[in-house]
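Engineer: Here you go, sequence then predicted model.
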Amino acid sequence: MKKIFYGGFSAGFVLGIAVALSMDLLLGKTLGSGWSEAVANDLNRMLKSSYSTDHPLVIILSFVVIGIVGLIGGLMGGGFSYLIGKLFGTLQRHIPKK
């Protein structure tokens, strides 16, 4: 079961990061801002400062936020694959043998 969870975790992690980056690349300019603009806006609002989107702190925190999105996707993928593995394992045990 560990292999199933880790496989689902890695697939969910990769898909979570891919979705987060594609949202930023494809829809960032259309909606008016991307991840770095959102992080800069939140930092400026919280700290009452004026960080630009090119500031190193904003870039680092943008990577952290995208990593959190990937982690949540990985946990969801791992949990889902674990449940599917348990379901098929249970179904396989209850199939009569000829």
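Structural biologist: Yes, it's here.
Engineer: Go through the helix or strand encompassing Ile4 and flag the buried ones.
Structural biologist: Ile4 is part of helix 2-31 when elements are defined by DSSP states H and E. Residues of helix 2-31 classed as buried: 4-5, 8-9, 11-13, 16-17, 20-21, 24, 28 (neighbour count, 16 or more other Cβ atoms under 10 Å). Backbone N, C-alpha and C define where each C-beta goes, glycine included.
Engineer: repeat for stretch 45-63
Structural biologist: Quick answer for stretch 45-63 (16+ other Cβ under 10 Å): Tyr51, Thr53, His55, Val58, Leu61, Ser62.
Engineer: which helices and strands sit right next to the longest helix seen in the chain?
Structural biologist: In the chain, taking DSSP state H as the definition, the longest helix is helix 56-93. If you count contacts as 3 or more Cβ pairs under 8 Å, 6 or more residues apart in numbering; DSSP states H and E, helix 56-93 packs onto helix 2-31, helix 35-47.
Engineer: Enumerate every residue touching the residue positioned nearest the centre of the chain.
Structural biologist: For the chain, Gly70 is the residue whose C-alpha lies nearest the centre (Cα atoms, centre = their mean; 2.3 Å). Neighbour list for Gly70: Phe13, Val14, Gly16, Ile17, Ala20 [criterion: Cβ atoms under 8 Å, 6 or more residues apart in numbering].
Engineer: Any stretches of this structure with poor pLDDT?
Structural biologist: The chain contains residues with pLDDT under 70 at 28-32, 98.
Engineer: Dump the helices and strands packed on helix 56-93 into TSV; add distance to His94 as well.
Structural biologist: As requested, the helices and strands packed on helix 56-93 are exported to TSV (distance: least, Cβ to Cβ, whole Å):
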stretch	distance to His94
helix 2-31	19
helix 35-47	47
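Engineer: mind checking which of those helices is nearest Met76?
Structural biologist: Met76 lies closest to helix 2-31 among these, at 5.4 Å (Cβ to Cβ).
Engineer: What strand or helix carries Ser52?
Structural biologist: Per DSSP H and E, there is no helix or strand for Ser52.
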